[in-house]
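Colleague: Here you go, sequence then predicted model.
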Amino acid sequence: MKLSCRASLIKPSATLAITAKAKKLKSEGKNVVSFGAGEPDFDTPDYIKNAVKDALDKGQTKYTPVSGIDELKTAIAEKFSADYGVKYENSEIIVSCGGKHSLYNLFSAMLNDGDEIIVPSPYWVSYTEIIKLSGGVPVTADTSKNNFKFNLKLLEKNLTGKTRGVIINSPSNPTGVLMDEKDIIEIANFAKKRRLYIITDDIYEKIIFDGKKFFNALMADKSMKEYTIAVNAVSKTYSMTGFRIGYTAGPGDLIAAMNNIQSQSTSNPATFAQYGALAALKGGYEFSNMMRDEFQKRRDYMLDFFDKNIKSMVPVKPDGAFYLFVDISKVFGKLKNSNGDIINSSAEFCGYLLDKYLVAAVPGVEFGNDNFIRLSFATGLDVIKEGLNRIKESVDLL
Ligand code: PMP
Ligand code: GLU
């Protein structure tokens with residue numbers, strides 16, 4: 001049938017598609033190693049599950065206010081105050097159905113046709129598509145020549161009269177790289193002067209390695225509250241991806257507009273899931289810190305393996321998150337897939353890995369850089385070891 005222009009503008013999420021493909025092959029009995037998953041492999045902690053069971057037992061199965069229960073918004077406000085030293089009223093916070101939905105509501109509420117948002121590249125696959133769905137234009141700013149660190153110079157290079165804001169995702173998906181604090185401060189000062197908005201996607205803020213510290217625009221200076229829209233979720237911090245609880249804090253008029261949009265689309269996020277998120281936010285970071293330490297061990301193992309065994313592929317060292325972004329450009333032109341075609345792109349390389357070696361990885365082109373692939377290490381070390389051995393074998397001919 002004839003589809004809307006908006007629907008034909010966007011592509012499906014490659015990260016979800018590859019994870020689903022790997023799961024399907026596994027269910028057919030194939031011994032697939034998946035580096036696709038963008039979700040922690042740890043079980044959700046019991047205290048969170050018990051809070052949900054308790055909520056169900058208490059009859060928390062009906063609508064809540066569209067923007068979420070007050071207790072949860074208060075807990076989110078307390079988190080912002082404790083972590084960034086910034087005070088929010090509950091009317092400046094909205095709970096949505098996952099971080100992705102928070103971003104969708106945000107860009108729907110904020111953008112007019114043709115408005116531009118600067119997206120540092122490589123970027124998480126959904127930013128560009130959500131912006132396009134909202135009528136906006138994603139303007140990608142390549143960070144690859146600056147060690148994958150976005151800065152004011154790159155922002156200015158991509159600034160036009162239509163720029164409304166910029167996304168900061170540090171540590172980033174897919175590189176795991178943290179921006180320098182001084183660069184965030186410079187961008188914050190510039191945003192204030194030019195009345196631009198910083199959309200800070202802090203979803204990986206609690207997964208940072210080597211004792212490095214998280215920093216965002218809200219921490220740059222108290223007045224940045226006016227120019228910052230903070231998006232976050234319980235998905236990664238507490239291994240609650242299936243709960244679908246994300247949240248946004250920002251200027252009251254924007255949050256009210258997001259509330260209107262949400263009221264005419266999903267209504268409130270699932271009631272009992274909100275109680276799980278409340279328990280999570282009140283429960284401290286012992287579990288998150290345990291996951292972080294485990295992710296760091298896996299990262300270190302993988303970096304060491306590439307360094308010692310796979311010279312033709314060069315990973316970017318991640319400061320956080322759970323992804324390894326690996327430069328594969330040295331193998332281009334040197335390998336053939338099962339049809340005899342020479343491999344010259346990240347998608348072709350990922351196809352070759354999956355077909356011949358049963359290893360699932362996400363092509364870098366989906367994140368805006370065709371010279372790379374993304375390997376998620378949100379999977380056990382035994383699986384990682386097997387997967388890396390297969391990748392080594394896949395390029396051993398070189
Ligand atoms: N932002 C980034 C950078 C992500 O990687 C993800 C991953 N899903 C999200 C937002 C959204 O997370 P969710 O919708 O699962 O809460
Ligand atoms: N954000 C994760 C990823 O990049 C989960 C999948 C998705 O929502 O994109 O793999």
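Modeller: Yes, it's here. Numbering: from 1, shown residues only. Ligands and ions are numbered 1, 2, ... in the order given.
Colleague: Find the nearest non-adjacent residue to the residue nearest to the spatial centre of the chain, please.
Modeller: For the chain, residue 173 is the residue whose C-alpha lies nearest the centre (CA atoms, centre = their mean; 5.0 Å). Leaving aside its sequence neighbours, residue 173 sits nearest to residue 124 (CB to CB, 6 or more residues apart in numbering; 4.4 Å). Where you see a C-beta, it was placed from the backbone N, CA and C, and this is true even at glycine.
Colleague: Checking the residue lying farthest from the centre of the chain next. Helix, strand or coil?
Modeller: Residue farthest from the centre of the chain, counting by CA atoms, centre = their mean, is residue 340 at 35.5 Å. What DSSP: H, G, I helix; E, B strand; the rest coil gives for residue 340 is coil.
Colleague: How about residue 40?
Modeller: Per three-state DSSP, residue 40 ends up coil.
Colleague: swap in residue 153?
Modeller: Put simply, residue 153 is helix when judged by three-state DSSP.
Colleague: count of residues packed around it?
Modeller: 11 (other CB atoms under 10 Å).
Colleague: and what of the one 5 residues further on?
Modeller: The local packing count at residue 158 equals 17, with neighbours defined by other CB under 10 Å.
Colleague: quick one: it and residue 118 touch, right?
Modeller: Yes: using CB atoms under 8 Å, residue 158 is in contact with residue 118, at 5.1 Å.
Colleague: Overlap in contacts, the two.
Modeller: 139, 140, 141 (CB atoms under 8 Å, 6 or more residues apart in numbering).
Colleague: what's the helix or strand for the first one?
Modeller: What that stands for is residue 139. Using DSSP states H and E, residue 139 sits in strand 137-142.
Colleague: average pLDDT for that strand?
Modeller: For strand 137-142, mean pLDDT rounds to 98.
Colleague: repeat for stretch 80-99
Modeller: 98.
Colleague: what does stretch 28-40 give?
Modeller: The average pLDDT within stretch 28-40 is 94.
Colleague: How about stretch 171-184?
Modeller: pLDDT averaged over stretch 171-184 gives 98.
Colleague: just stretch 233-249 next, same as before
Modeller: 98.
Colleague: Contact partners for residue 72?
Modeller: Residues in contact with residue 72 (CB under 8 Å, 6+ apart) are 95, 274, 275, 277, 278, 281.
Colleague: which residues in this structure form helices?
Modeller: Shown for the chain, the helices assigned by DSSP state H span residues 5-9, 14-27, 46-57, 70-84, 99-110, 125-133, 152-157, 181-194, 217-220, 252-263, 271-282, 286-309, 346-357, 381-394.
Colleague: With respect to ligand 1, which of these lies nearest?
Modeller: helix 99-110 (3.2 Å; CB to the nearest ligand atom).
Colleague: ok and the residue in the stretch 101-250 of the chain nearest ligand 2?
Modeller: residue 173 (5.1 Å).
Colleague: oh, I was asking about the chain
Modeller: Counting by CB to the nearest ligand atom, the chain gets nearest ligand 2 through residue 38, at 1.9 Å.
Colleague: Just give me the neighbour total for the nearest residue to that residue once chain neighbours are set aside.
Modeller: Counting by CB to CB, 6+ apart, residue 38 lies nearest to residue 15, which is 5.1 Å off, once chain neighbours are set aside. Residue 15 has 23 neighbours, counted by other CB under 10 Å.
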